[in-house]
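**Student:** Got a predicted structure plus its sequence, pasted below:
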Amino acid sequence: MRRFTTALIVVVLALPAHAGELQRVAKAAVHDVQSLAAAPLHWKAPQWERFGEGAALVLAVGAADKPIEDFFQRNRNGATNSFAKTITPWGAHRALEVSAVMIGVGYLSHRPNLFGAGVDSLEAQFWAAGIITPIVKRLAGRSRPNAELGTYNFRPFRSDSQSFPSGHATNAFAAATAIAGHYDTWVVPTIVYTVATGVAMSRLHDHVHWPSDVVAGALIGRAVAKGIVFRHRHLEVTPIVGPHEAGLMFDLDLKQLRQ
(Lines give C-alpha, C1' and ligand atoms only; values in the text may rest on other atoms or scores of the structure.)
Protein backbone atom coordinates (compact mmCIF):
# COMPACT_ATOMS: atom_id res chain seq x y z
CA MET A 1 0.00 0.00 0.00
CA ARG A 2 2.87 2.39 0.73
CA ARG A 3 4.30 1.77 -2.73
CA PHE A 4 0.86 2.45 -4.19
CA THR A 5 0.64 5.74 -2.32
CA THR A 6 4.08 6.87 -3.46
CA ALA A 7 3.35 5.91 -7.05
CA LEU A 8 0.00 7.72 -7.00
CA ILE A 9 1.55 10.91 -5.69
CA VAL A 10 4.28 10.78 -8.33
CA VAL A 11 1.74 10.17 -11.11
CA VAL A 12 -0.50 13.03 -9.99
CA LEU A 13 2.35 15.49 -9.63
CA ALA A 14 3.81 14.40 -12.96
CA LEU A 15 0.63 15.08 -14.91
CA PRO A 16 1.38 17.64 -17.61
CA ALA A 17 0.47 21.24 -17.05
CA HIS A 18 1.39 24.51 -18.69
CA ALA A 19 4.66 26.10 -17.59
CA GLY A 20 2.86 29.18 -16.32
CA GLU A 21 0.65 27.06 -14.07
CA LEU A 22 3.66 25.20 -12.67
CA GLN A 23 5.35 28.51 -11.97
CA ARG A 24 2.31 29.66 -10.04
CA VAL A 25 2.26 26.44 -8.02
CA ALA A 26 5.92 26.92 -7.16
CA LYS A 27 5.25 30.47 -6.03
CA ALA A 28 2.36 29.29 -3.87
CA ALA A 29 4.56 26.64 -2.24
CA VAL A 30 7.26 29.23 -1.52
CA HIS A 31 4.69 31.54 0.04
CA ASP A 32 3.42 28.68 2.21
CA VAL A 33 6.92 28.08 3.55
CA GLN A 34 7.47 31.77 4.19
CA SER A 35 4.10 32.13 5.87
CA LEU A 36 4.58 29.21 8.24
CA ALA A 37 8.13 30.22 9.17
CA ALA A 38 7.39 33.89 9.73
CA ALA A 39 3.85 33.64 11.09
CA PRO A 40 4.74 34.37 14.78
CA LEU A 41 6.52 37.56 13.70
CA HIS A 42 3.24 38.90 12.33
CA TRP A 43 0.89 37.73 15.07
CA LYS A 44 -1.35 40.32 16.63
CA ALA A 45 -3.09 40.21 20.01
CA PRO A 46 -5.77 37.66 18.98
CA GLN A 47 -3.15 35.23 17.64
CA TRP A 48 -1.01 35.53 20.77
CA GLU A 49 -4.10 35.04 22.91
CA ARG A 50 -4.91 31.79 21.09
CA PHE A 51 -1.30 30.66 21.47
CA GLY A 52 -1.47 31.45 25.17
CA GLU A 53 -4.72 29.55 25.52
CA GLY A 54 -3.17 26.53 23.80
CA ALA A 55 -0.08 26.65 26.00
CA ALA A 56 -2.26 26.98 29.10
CA LEU A 57 -4.30 23.97 28.02
CA VAL A 58 -1.17 21.87 27.55
CA LEU A 59 0.11 22.92 31.00
CA ALA A 60 -3.26 22.22 32.62
CA VAL A 61 -3.43 18.76 31.10
CA GLY A 62 0.23 18.23 31.97
CA ALA A 63 -0.58 18.76 35.64
CA ALA A 64 -2.84 15.71 35.44
CA ASP A 65 -0.63 13.59 33.17
CA LYS A 66 0.05 10.85 35.68
CA PRO A 67 -3.52 10.17 36.90
CA ILE A 68 -4.88 10.26 33.36
CA GLU A 69 -2.18 7.89 32.14
CA ASP A 70 -2.85 5.55 35.09
CA PHE A 71 -6.57 5.55 34.25
CA PHE A 72 -5.89 4.42 30.68
CA GLN A 73 -3.51 1.68 31.82
CA ARG A 74 -5.94 0.37 34.46
CA ASN A 75 -8.69 0.02 31.89
CA ARG A 76 -6.82 -1.78 29.14
CA ASN A 77 -8.40 -4.97 27.84
CA GLY A 78 -8.66 -7.04 24.69
CA ALA A 79 -11.21 -4.72 23.08
CA THR A 80 -9.19 -1.57 23.72
CA ASN A 81 -6.02 -3.27 22.48
CA SER A 82 -7.77 -4.20 19.24
CA PHE A 83 -9.18 -0.70 18.82
CA ALA A 84 -5.79 0.94 19.38
CA LYS A 85 -4.10 -1.39 16.92
CA THR A 86 -6.70 -0.60 14.28
CA ILE A 87 -6.89 3.18 14.73
CA THR A 88 -3.21 4.04 15.26
CA PRO A 89 -2.18 3.80 11.55
CA TRP A 90 -4.69 6.58 10.79
CA GLY A 91 -2.25 8.93 12.46
CA ALA A 92 0.56 7.83 10.16
CA HIS A 93 0.71 6.16 6.72
CA ARG A 94 -3.07 5.60 6.48
CA ALA A 95 -3.73 9.34 6.63
CA LEU A 96 -1.15 9.91 3.89
CA GLU A 97 -2.79 7.22 1.77
CA VAL A 98 -6.21 8.83 2.16
CA SER A 99 -4.79 12.20 1.11
CA ALA A 100 -3.16 10.65 -1.96
CA VAL A 101 -6.40 8.90 -2.94
CA MET A 102 -8.34 12.14 -2.53
CA ILE A 103 -5.88 13.92 -4.81
CA GLY A 104 -6.08 11.22 -7.47
CA VAL A 105 -9.86 10.77 -7.36
CA GLY A 106 -10.49 14.51 -7.18
CA TYR A 107 -8.24 15.08 -10.18
CA LEU A 108 -9.70 12.34 -12.35
CA SER A 109 -13.33 13.04 -11.44
CA HIS A 110 -13.04 16.83 -11.89
CA ARG A 111 -13.93 17.53 -8.23
CA PRO A 112 -11.82 20.54 -7.18
CA ASN A 113 -12.99 20.47 -3.56
CA LEU A 114 -11.96 16.84 -3.08
CA PHE A 115 -8.67 17.49 -4.85
CA GLY A 116 -8.00 20.58 -2.74
CA ALA A 117 -8.81 18.75 0.49
CA GLY A 118 -6.30 16.06 -0.42
CA VAL A 119 -3.60 18.57 -1.31
CA ASP A 120 -4.11 20.60 1.87
CA SER A 121 -4.18 17.45 4.00
CA LEU A 122 -0.97 16.15 2.49
CA GLU A 123 0.84 19.47 2.89
CA ALA A 124 -0.43 19.97 6.44
CA GLN A 125 0.83 16.54 7.45
CA PHE A 126 4.20 17.21 5.85
CA TRP A 127 4.79 20.50 7.66
CA ALA A 128 3.17 19.70 11.00
CA ALA A 129 4.19 16.07 11.55
CA GLY A 130 7.20 15.95 9.26
CA ILE A 131 8.97 19.18 10.20
CA ILE A 132 7.59 21.08 13.20
CA THR A 133 6.79 18.27 15.64
CA PRO A 134 10.11 16.42 15.13
CA ILE A 135 11.99 19.65 15.87
CA VAL A 136 9.99 20.24 19.05
CA LYS A 137 10.52 16.60 20.06
CA ARG A 138 14.28 17.00 19.87
CA LEU A 139 14.24 20.29 21.77
CA ALA A 140 11.92 19.05 24.52
CA GLY A 141 13.49 15.62 24.94
CA ARG A 142 10.67 14.26 27.09
CA SER A 143 10.83 10.62 28.15
CA ARG A 144 7.96 8.36 27.18
CA PRO A 145 5.72 6.81 29.86
CA ASN A 146 6.97 3.32 29.06
CA ALA A 147 10.53 4.43 29.84
CA GLU A 148 9.48 4.62 33.51
CA LEU A 149 11.68 7.68 34.13
CA GLY A 150 8.97 9.86 35.64
CA THR A 151 6.26 12.14 34.39
CA TYR A 152 8.40 15.22 33.87
CA ASN A 153 11.73 13.83 32.74
CA PHE A 154 13.18 16.05 30.00
CA ARG A 155 16.50 15.29 28.29
CA PRO A 156 16.83 17.57 25.23
CA PHE A 157 18.44 16.27 22.05
CA ARG A 158 18.24 12.64 23.15
CA SER A 159 17.04 10.29 20.39
CA ASP A 160 15.44 8.03 23.00
CA SER A 161 13.45 10.88 24.61
CA GLN A 162 10.96 12.17 22.06
CA SER A 163 7.56 11.90 23.69
CA PHE A 164 6.50 15.56 23.47
CA PRO A 165 4.55 16.25 21.35
CA SER A 166 2.87 13.20 19.82
CA GLY A 167 3.66 12.80 16.13
CA HIS A 168 0.62 10.57 15.53
CA ALA A 169 -1.72 13.12 17.14
CA THR A 170 -0.10 15.90 15.11
CA ASN A 171 -0.53 14.01 11.86
CA ALA A 172 -4.09 12.91 12.58
CA PHE A 173 -5.33 16.38 13.50
CA ALA A 174 -3.44 18.04 10.65
CA ALA A 175 -5.19 15.74 8.19
CA ALA A 176 -8.58 16.04 9.90
CA THR A 177 -8.48 19.83 10.11
CA ALA A 178 -7.39 20.26 6.49
CA ILE A 179 -10.10 17.93 5.19
CA ALA A 180 -12.81 19.37 7.45
CA GLY A 181 -11.92 22.86 6.24
CA HIS A 182 -13.25 21.99 2.79
CA TYR A 183 -16.69 20.82 3.90
CA ASP A 184 -19.53 22.92 5.32
CA THR A 185 -21.73 20.03 6.45
CA TRP A 186 -21.24 18.28 9.78
CA VAL A 187 -20.76 14.77 8.40
CA VAL A 188 -17.18 14.89 7.10
CA PRO A 189 -15.79 16.98 10.00
CA THR A 190 -17.43 14.63 12.51
CA ILE A 191 -15.88 11.57 10.87
CA VAL A 192 -12.36 12.95 10.51
CA TYR A 193 -12.21 14.49 13.98
CA THR A 194 -13.57 11.29 15.53
CA VAL A 195 -10.78 9.33 13.85
CA ALA A 196 -8.18 11.87 14.97
CA THR A 197 -9.42 11.74 18.55
CA GLY A 198 -9.28 7.94 18.43
CA VAL A 199 -5.67 8.12 17.28
CA ALA A 200 -4.78 10.46 20.15
CA MET A 201 -6.43 8.18 22.70
CA SER A 202 -4.67 5.13 21.26
CA ARG A 203 -1.30 6.73 22.03
CA LEU A 204 -2.29 7.03 25.69
CA HIS A 205 -3.64 3.50 25.69
CA ASP A 206 -0.41 2.12 24.23
CA HIS A 207 1.60 3.78 27.02
CA VAL A 208 3.83 5.68 24.57
CA HIS A 209 2.66 9.25 25.23
CA TRP A 210 1.49 11.42 28.10
CA PRO A 211 -1.86 13.22 27.77
CA SER A 212 -0.18 16.61 27.36
CA ASP A 213 1.87 15.13 24.49
CA VAL A 214 -1.22 14.32 22.46
CA VAL A 215 -2.89 17.64 23.28
CA ALA A 216 0.18 19.54 22.11
CA GLY A 217 0.39 17.43 18.96
CA ALA A 218 -3.28 17.99 18.19
CA LEU A 219 -2.90 21.75 18.61
CA ILE A 220 0.14 21.87 16.33
CA GLY A 221 -1.56 19.81 13.64
CA ARG A 222 -4.72 21.89 13.81
CA ALA A 223 -2.90 25.24 13.76
CA VAL A 224 -0.74 24.34 10.77
CA ALA A 225 -3.66 22.93 8.80
CA LYS A 226 -5.82 25.96 9.56
CA GLY A 227 -3.10 28.23 8.21
CA ILE A 228 -2.65 26.20 5.05
CA VAL A 229 -6.37 25.97 4.33
CA PHE A 230 -6.75 29.71 4.87
CA ARG A 231 -3.94 30.53 2.47
CA HIS A 232 -5.14 28.11 -0.16
CA ARG A 233 -8.58 29.69 -0.22
CA HIS A 234 -6.83 32.17 -2.51
CA LEU A 235 -5.52 29.37 -4.72
CA GLU A 236 -8.22 27.81 -6.87
CA VAL A 237 -7.15 24.47 -8.33
CA THR A 238 -9.17 22.86 -11.10
CA PRO A 239 -8.32 19.46 -12.62
CA ILE A 240 -8.44 19.37 -16.43
CA VAL A 241 -8.63 16.11 -18.36
CA GLY A 242 -9.16 16.28 -22.12
CA PRO A 243 -8.83 13.92 -25.08
CA HIS A 244 -5.33 15.18 -25.90
CA GLU A 245 -4.05 16.69 -22.66
CA ALA A 246 -4.28 16.57 -18.90
CA GLY A 247 -3.25 19.09 -16.32
CA LEU A 248 -4.23 21.45 -13.54
CA MET A 249 -5.53 24.99 -13.78
CA PHE A 250 -4.37 27.25 -10.96
CA ASP A 251 -5.90 30.64 -10.20
CA LEU A 252 -3.52 32.25 -7.70
CA ASP A 253 -4.14 35.58 -5.99
CA LEU A 254 -0.62 36.53 -4.90
CA LYS A 255 -1.77 39.89 -3.59
CA GLN A 256 -4.03 38.23 -1.07
CA LEU A 257 -1.34 35.69 -0.12
CA ARG A 258 1.11 38.45 0.73
CA GLN A 259 -1.31 40.03 3.19
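**Tutor:** Received it, and whenever you're ready, just let me know what you need. Keep in mind that this is a model prediction, so the values were computed, not measured.

**Student:** nearest residue to the residue nearest the centre of the chain other than its sequence neighbours?
**Tutor:** Per C-alpha atoms, centre = their mean, the C-alpha nearest to the average position across the chain is that of Ala174, at 2.2 Å. Using C-beta to C-beta, 6 or more residues apart in numbering and skipping residues adjacent in sequence, the residue nearest Ala174 is Gly221, 3.5 Å away. For every residue, glycine as well, the C-beta is placed using N, CA and C.

**Student:** Let me see the contact set for that neighbour.
**Tutor:** 124-125, 128-129, 169-177, 196 (C-beta atoms under 8 Å, 6 or more residues apart in numbering).

**Student:** Is Leu204 part of a helix or strand, or is it coil?
**Tutor:** Under the three-state scheme (DSSP: H, G, I helix; E, B strand; the rest coil), the conformation of Leu204 reads as helix.

**Student:** What about the contacts of Gly221, which are in helices?
**Tutor:** Using DSSP state H, the subset of the contacts of Gly221 located in helices is Ala124, Gln125, Ala169, Thr170, Asn171, Ala172, Phe173, Ala174, Ala175, Ala176, Thr177, Ala196.

**Student:** Check the spacing between the last one and Ile68 real quick.
**Tutor:** Computed as C-beta to C-beta, to the nearest Å, the Ala196 to Ile68 distance reads 18 Å.

**Student:** Over to the first one?
**Tutor:** For Ala124, the distance to Ile68 (C-beta to C-beta) stands at 27 Å.

**Student:** Which residue of the two possesses the greater neighbour count?
**Tutor:** The neighbour comparison of Ala124 against Ile68 (other C-beta atoms under 10 Å) goes to Ala124, with 32 against 15.

**Student:** Okay then, goodbye and thanks.
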